[in-house]
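Undergrad: What would the 3D arrangement of this be:
(4 chains)
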Number of protein chains: 2
Amino acid sequence: MSRPPLAREKVLDAFEALLIAEGPRAATMDATARGAGVSKGGLLYHFASKEALEDGLLDRLGILVDDDVAAMESAPEGAVAYFLRSSVMANDPLDRAILAASRLAQGGSASAGEVLRSIRDRWAHALSPHTKNAAALDLVMLVGDGLYFNNALDGGSIPGPVPQGAALDALIALVEAVART
Amino acid sequence: MSRPPLAREKVLDAFEALLIAEGPRAATMDATARGAGVSKGGLLYHFASKEALEDGLLDRLGILVDDDVAAMESAPEGAVAYFLRSSVMANDPLDRAILAASRLAQGGSASAGEVLRSIRDRWAHALSPHTKNAAALDLVMLVGDGLYFNNALDGGSIPGPVPQGAALDALIALVEAVART
DNA sequence: GTCTATATACAGATAGAC
DNA sequence: GTCTATCTGTATATAGAC
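TA: This is a model prediction of the structure:
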């Protein structure tokens, strides 16, 4: 329950930023230590191995998802619209954590892949009562996946082919027309 | 125009298989040489660097996409249905090439990301006349992205959350109902 | 708790024999 | 055209001083 040491969080922030900005290959322990302003030895005090560092990031992601699912179920605009809108990169802590985890997953981490899969299941479970049928749920989930996928390819930096503004509104309206309960 | 040496193709096949099955980290030149049944020196005769090896894979992908776009435009079932159906992993050469390129992209290769982006553009351009409007095109493209994204996470091995069989038919019908011209 | 210094392993790439 | 042997850089991880 006691909040984790400040240095620990700074290390995770740096690791996350490196994964997002430069990919899994550049997110070494050395670079992470540099980015966090600690030495390699200092980092290894908090995270004894690369795996422990990755687990730390994934644990933090899990907590953020708890909040997101709760927010989705009580969103005034409806769960489907909330889900799709939050699937486009807003660069908030949750988006960054998911993006970083995606990089880990495609960089080779098996546990990152499992965590992402389980997050998808939790979203699907929460959206299920708000969609007409299985095909409608599939549609909503796949559009959400597509939005995240494109963000992940971009690295969240360059404006990609992801619809924004009015185009995003139109897309959401289209999906809701067929899918929503 | 002369077909490339057999050993060259065998090396690309092995590299592709490694990327798909074990991810970019495991797809080293050493492992690729082993998988292709040649020595490291033999591999380096055909591909002088890791970058050349990756370019070889991406070039082969480009050729497969040429054929796919042509097939999409003349598909009897219509371009939208063809596109969505071919977005679920069939483990054919094109699917494997795209999956391998996705692994490269998320592993850190900038050129793989560019190639994938340009492939997406070509598909969107071909689908444009077959969709009602911009939002409908976005919808179709994003569902396709979502299907590929889930395949990429799975590694194409374990049966993932991607709809198949009757569920896929229902999804396609749903998308066509809103999106098709 | 945080540091420096170092051990170990393996990646990509070169040189040159066959 | 394919091989073995080797160089160089760099990543993870350990040991131990402060």
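
Undergrad: Which positions in chain A make contact with DNA strand D?
TA: With C-beta under 7 Å from any atom of the strand as the criterion, chain A meets DNA strand D at residues A:28, A:29, A:30, A:40, A:41, A:44, A:48, A:49, A:50, A:51. Placement of C-beta: from N, CA and C, glycine included.

Undergrad: Tell me the buried residues within those.
TA: With burial judged by 16 or more other C-beta atoms under 10 Å in any protein chain shown, the buried subset of these is A:29, A:44.

Undergrad: I'd like the residues of chain A next to DNA strand D as TSV, with pLDDT, distance to DNA strand C and secondary structure appended.
TA: Below are the residues of chain A next to DNA strand D laid out as TSV (pLDDT from 0 to 100; distance: C-beta to the nearest atom of the strand, whole Å; DSSP: H, G, I helix; E, B strand; the rest coil):
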residue	pLDDT	distance to DNA strand C	secondary structure
A:28	97	12	coil
A:29	98	10	helix
A:30	97	9	helix
A:40	97	5	helix
A:41	96	2	helix
A:44	96	6	helix
A:48	97	11	coil
A:49	97	13	coil
A:50	97	13	helix
A:51	97	16	helix
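
Undergrad: who touches whichever strand or helix holds residue A:114?
TA: Assessed by DSSP states H and E, residue A:114 sits inside helix A:110-127. With contact meaning C-beta atoms under 8 Å, 6 or more residues apart in numbering or on different chains, helix A:110-127 is reached by A:54-55, A:58, A:61-62, A:65, A:69, A:72-73, A:79-80, A:83, A:98, A:101-102, A:104-105, A:137, A:140-141, A:144-145, B:153, B:160-161.

Undergrad: What residues sit buried inside it?
TA: Neighbour counts over helix A:110-127 (16+ other C-beta under 10 Å) mark A:112, A:113, A:115, A:116, A:117, A:119, A:120, A:122, A:123, A:124, A:126, A:127 as buried.

Undergrad: out of the contacts of helix A:110-127, who's near DNA strand C?
TA: Answer for the contacts of helix A:110-127 near DNA strand C: none qualify (C-beta under 7 Å from any atom of the strand).

Undergrad: Narrow those residues to those in helices?
TA: Within those, residues falling in helices by DSSP state H are A:54-55, A:58, A:61-62, A:65, A:69, A:72-73, A:79-80, A:83, A:98, A:101-102, A:104-105, A:137, A:140-141, A:144-145, B:153.

Undergrad: Please indicate which of those are buried?
TA: A:54-55, A:58, A:61, A:65, A:69, A:72, A:79-80, A:83, A:98, A:101-102, A:104-105, A:137, A:140-141, A:144-145, B:153.

Undergrad: And the residue nearest the centre of chain A?
TA: Chain A has residue A:98 as the residue nearest its centroid, 1.7 Å off, counting by C-alpha atoms, centre = their mean.

Undergrad: The buried residues of helix A:110-127: which two are farthest apart?
TA: A:112 and A:127 (22.6 Å; C-beta to C-beta).
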